[in-house]
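**Student:** Just need the structure, nothing else, for what follows:
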Amino acid sequence: MTSATALRVPYITAYDEELPDLQLMLLPDAGATQRVRLGFVGAVEQDWNQGVLWYRAGLHRRGKPQWRLVNTLRQRRCMWQRLCQVCGGTAVMRDGRISWLLAAPAETSADGVLFTSAPPTCESCIPEALATCPRLGAGMVCSVQAAHPYGVRGDLMKVTRSGLVTAAADHFATLDAYRRLEFMLAKQLVVALEDLRPVAV
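**Tutor:** I've put the predicted structure just below:
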């Protein structure tokens with residue numbers, strides 16, 4: 001969505017006061033492939049989930065909406081709890097399937113897994129999303145039977161003589177790419193979509 005004037009701010013949109021200034025460092029980890037992994041200065045155990053470091057973000061929704069940025073915690077909440085990315089309510093339909101709206105066809109892995117980092121969109125919010133979000137264009141309205149954690153999108157870091165630098169922004173890695181996950185700052189959860197079916201609108 002491109003304008004903050006008359007549009008509802010989607011549930012997953014980040015606000016500027018929710019985005020902390022984080023300082024990254026390498027932390028010793030005997031279980032990591034290189035005996036170190038990415039972490040924060042002042043790291044706590046909750047910073048990691050599924051083997052990867054997650055960007056910290058607030059949930060208070062104060063400040064100015066950052067229309068092009070996704071709040072990491074709310075995005076993950078939508079994926080885990082099947083919540084609508086627009087209103088934050090349930091995206092589970094009466095028949096138990098999950099309502100989804102994709103800006104483009106789901107990405108497909110080499111072995112045929114359909115996956116996306118876009119959270120569900122409930123049936124009630126789909127017309128609004130299609131009408132107000134230019135990125136959706138001719139969005140694909142569909143339903144899925146289930147969605148399972150499959151990977152992450154985030155910043156892949158590397159060590160240089162001058163310190164840690166971003167090797168690749170918005171990088172995708174599956175949850176079994178252990179070596180890469182140890183050096184990633186995850187920002188979005190990617191899920192595999194099971195039994196995706198187009199829905200007529």
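**Student:** how far is stretch 170-183 from where the chain is centred?
**Tutor:** In terms of CA atoms, centre = their mean, to the nearest Å, the centre of stretch 170-183 is set 14 Å apart from its chain centre.
**Student:** can you pull out the helices in this structure?
**Tutor:** 72-81, 126-132, 178-181 (DSSP state H).
**Student:** need the ones you listed in a markdown table with distance to H60, can you?
**Tutor:** Every residue, glycine included, has its C-beta placed from N, CA and C. Shown next, in a markdown table, are the helices of the chain (distance: least, CB to CB, whole Å):
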| stretch | distance to H60 |
| --- | --- |
| helix 72-81 | 11 |
| helix 126-132 | 24 |
| helix 178-181 | 29 |
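**Student:** Nearest to Q23 among the ones you listed would be which one?
**Tutor:** With CB to CB, the closest approach to Q23 among these belongs to helix 72-81: 16.9 Å.
**Student:** Spatially central residue for this structure, please.
**Tutor:** Centroid-nearest residue in the chain: Q188, 2.3 Å away (criterion: CA atoms, centre = their mean).
**Student:** Kindly state the beta-bridge partners for it.
**Tutor:** Beta-bridge pairing of Q188 under DSSP bridges involves R153.
**Student:** I figured it hits L69, correct?
**Tutor:** No - at 10.6 Å, Q188 does not count as touching L69 under the criterion of CB atoms under 8 Å.
**Student:** List the buried residues in stretch 96-111.
**Tutor:** 97-102, 106-107 (16 or more other CB atoms under 10 Å).
**Student:** what's the most buried one of the helices of the chain?
**Tutor:** helix 72-81 (a mean of 20; mean count of other CB atoms under 10 Å).
**Student:** which helices and strands sit right next to that one?
**Tutor:** Packing contacts for helix 72-81, counted by 3 or more CB pairs under 8 Å, 6 or more residues apart in numbering; DSSP states H and E, involve strand 184-194.
**Student:** related to what we said a few turns ago, let me know the closest of the buried residues of stretch 96-111 to C142.
**Tutor:** C142 lies nearest to W100 out of these, by CB to CB, at 5.1 Å.
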